[in-house]
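Enquirer: Got a predicted structure here, sequence first:
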Amino acid sequence: MKQVLWAGILALLAVLPARADEAAIQSVISSQIEAFLTDDFERAFEFASPTIQDIFKTPDQFGRMVREGYPMVWRPADVQFLSVDEINGVLWQTVLVQDGQGNEFLLGYQMIDGPEGWKINAVRMKPLPLGAV
């Protein structure tokens, strides 16, 4: 009985940090989207990983890429957080985004944890499951 109790406690302790990470990850993504909604690309750029910041160099270049490549993220009508999955040691937050025309997009946000907390390291389009639209 003690072993079952300890196993349950250890399983719960393993889940608690994951839930805290999930909330922190979702907060970062939400904060970046809020910044996009007000065209505050400087603030949005702060949520990008150092790698992404090195690629785009300036908030304006980053903003241009988002406006042109991810308009559904720049001006979403609705955002729903789905699962957080670990793939090859990397955390991916799946997000369902709806644009102003009602089109749905499934996005994977690659997240990395660093000295300043969670940062967005990549965003990839994922195929919508059949019958989802």
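Expert: Now that the structure is in, tell me what you want to look at.
Enquirer: Would you map the strands across this protein?
Expert: Secondary structure of the chain, counting by DSSP state E: strands at 78-87, 90-98, 104-114, 117-126.
Enquirer: need the ones you listed in JSON lines with mean neighbour count, can you?
Expert: (Each C-beta comes from the backbone N, C-alpha and C, glycine too.) Formatted as JSON lines, the strands of the chain follow (neighbours: other Cβ atoms under 10 Å):
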{"stretch": "strand 78-87", "mean neighbour count": "12"}
{"stretch": "strand 90-98", "mean neighbour count": "18"}
{"stretch": "strand 104-114", "mean neighbour count": "17"}
{"stretch": "strand 117-126", "mean neighbour count": "16"}
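Enquirer: Go through those and name the closest to Ala44.
Expert: Ala44 lies closest to strand 117-126 among the strands of the chain, at 9.5 Å (Cβ to Cβ).
Enquirer: ok, residues contacting that closest one?
Expert: Defining contact as Cβ atoms under 8 Å, 6 or more residues apart in numbering, one finds that strand 117-126 is touched by 21, 24-25, 28-29, 32, 47-52, 70, 73, 94, 105-113.
Enquirer: hmm, back to that, out of the strands of the chain, nearest to Arg43?
Expert: Of all the strands of the chain, strand 117-126 sits nearest to Arg43, with 13.0 Å by Cβ to Cβ.
Enquirer: Any regions of this protein where pLDDT drops low?
Expert: Counting by pLDDT under 70, the chain shows low-confidence ranges at 1-20, 130-133.
Enquirer: Recalculate using a threshold of 90.
Expert: 1-21, 86-90, 114-116, 126-133 (pLDDT under 90).
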